[in-house]
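>>> From the sequence below, what's the structure:
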Amino acid sequence: MLLALPDGSQVSGTEVLLHACCAPCSSSVIECMLQNGMRPTVFFCNPNIYPFKEYEIRKEELKRFLREGNVPYFDEEYNHEEWLAKVHGYESEPERGKRCEKCFLFRMLRTAEYAAKHNFRWFTTTLSSSRWKDYNQIVEAGRSAAAVYSGVSFWEQNWRKGGLQQRRAELLREKQFYNQLYCGCEYSLDSAIKKQKR
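Numbers count the residues shown, from 1 in each chain. Okay, the predicted model is just below:
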């Protein structure tokens, strides 16, 4: 898959801040970036993940993959209580509902802030690699976050296309990644458990 930046600027050599949610969703995205000569820095900001043990497992699996490619990484402080406050009132929303919108925006704002502070022109997210999430919600969150911080832009790349969905599945098997069965928060966990009982 050949990458293209929205403004037509050269991809090769471009530094981009990549918000990453987990190793399975990140693997084909990072591989594609590296193959196109990009220099991603991974930003792990996922205070939605519950419980903390799950957060640690996902983080360590991602770091294991990043070490193979010598990809730089930054881990945002885990603050689940702050995340809970941001989605308060939307606890009973279904997956892909208003709670997810709030969650995406919270994480994209943190990513845009980090990008602005560390002189990244572009930021994007592996969230858009998952077929279980609403791509339009993710793009809207990224745009809104970029509008808050001058000098940074959200790269609206659909990481499901160009064979990356298939490559994700291949890497999942090849690397034997831990593969979670729910998005991350306690509400998505509860939803997954209810579906399993049906």
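>>> Dump the helix-or-strand element of the chain with minimal mean pLDDT to PDB, restricted to CA.
When the helices and strands of the chain are scored by mean pLDDT, DSSP states H and E, helix 186-197 comes last with a mean of 83. Backbone C-alpha positions of helix 186-197 (Å, rounded to 0.1, in the frame of the first residue of the first chain) are rendered in PDB as follows:
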ATOM      1  CA  GLU A 186     -15.600  -1.800  31.300                       C
ATOM      2  CA  TYR A 187     -18.700  -1.000  29.300                       C
ATOM      3  CA  SER A 188     -17.400  -2.700  26.200                       C
ATOM      4  CA  LEU A 189     -16.300  -5.600  28.300                       C
ATOM      5  CA  ASP A 190     -19.800  -6.000  29.800                       C
ATOM      6  CA  SER A 191     -21.200  -5.800  26.200                       C
ATOM      7  CA  ALA A 192     -18.800  -8.600  25.100                       C
ATOM      8  CA  ILE A 193     -19.700 -10.800  28.000                       C
ATOM      9  CA  LYS A 194     -23.400 -10.400  27.300                       C
ATOM     10  CA  LYS A 195     -22.900 -11.300  23.600                       C
ATOM     11  CA  GLN A 196     -21.000 -14.500  24.600                       C
ATOM     12  CA  LYS A 197     -23.900 -15.600  26.900                       C
END
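>>> Any buried residues in that helix, and which?
Counting neighbours by 16 or more other C-beta atoms under 10 Å, one finds that the buried residues in helix 186-197 are Glu186, Tyr187, Ser188, Leu189. Placement of C-beta: from N, CA and C, glycine included.
>>> ok, now stretch 2-15?
Taking 16+ other C-beta under 10 Å as the neighbour-count basis, stretch 2-15 is seen to contain the buried residues Leu3, Leu5, Thr14.
>>> on that earlier part again, contacts for the least confident helix or strand of the chain, please.
Under the criterion C-beta atoms under 8 Å, 6 or more residues apart in numbering, residues Tyr50, Pro51, Glu91, Ser92, Glu93, Pro94, Glu95, Arg99, Leu181, Tyr182 lie in contact with helix 186-197.
>>> buried stuff in stretch 93-106?
Within stretch 93-106, judged by 16+ other C-beta under 10 Å, the buried ones are Glu95, Arg99, Cys100, Glu101, Lys102, Cys103, Phe104, Leu105, Phe106.
>>> Pipe those into JSON lines and attach pLDDT, distance to Gly37 and secondary structure per row.
Rendered in JSON lines, the data for these read as follows (pLDDT from 0 to 100; distance: C-beta to C-beta, whole Å; DSSP: H, G, I helix; E, B strand; the rest coil):
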{"residue": "Glu95", "pLDDT": "92", "distance to Gly37": "36", "secondary structure": "coil"}
{"residue": "Arg99", "pLDDT": "97", "distance to Gly37": "38", "secondary structure": "helix"}
{"residue": "Cys100", "pLDDT": "97", "distance to Gly37": "33", "secondary structure": "helix"}
{"residue": "Glu101", "pLDDT": "98", "distance to Gly37": "34", "secondary structure": "helix"}
{"residue": "Lys102", "pLDDT": "98", "distance to Gly37": "36", "secondary structure": "helix"}
{"residue": "Cys103", "pLDDT": "98", "distance to Gly37": "32", "secondary structure": "helix"}
{"residue": "Phe104", "pLDDT": "98", "distance to Gly37": "28", "secondary structure": "helix"}
{"residue": "Leu105", "pLDDT": "98", "distance to Gly37": "31", "secondary structure": "helix"}
{"residue": "Phe106", "pLDDT": "98", "distance to Gly37": "32", "secondary structure": "helix"}
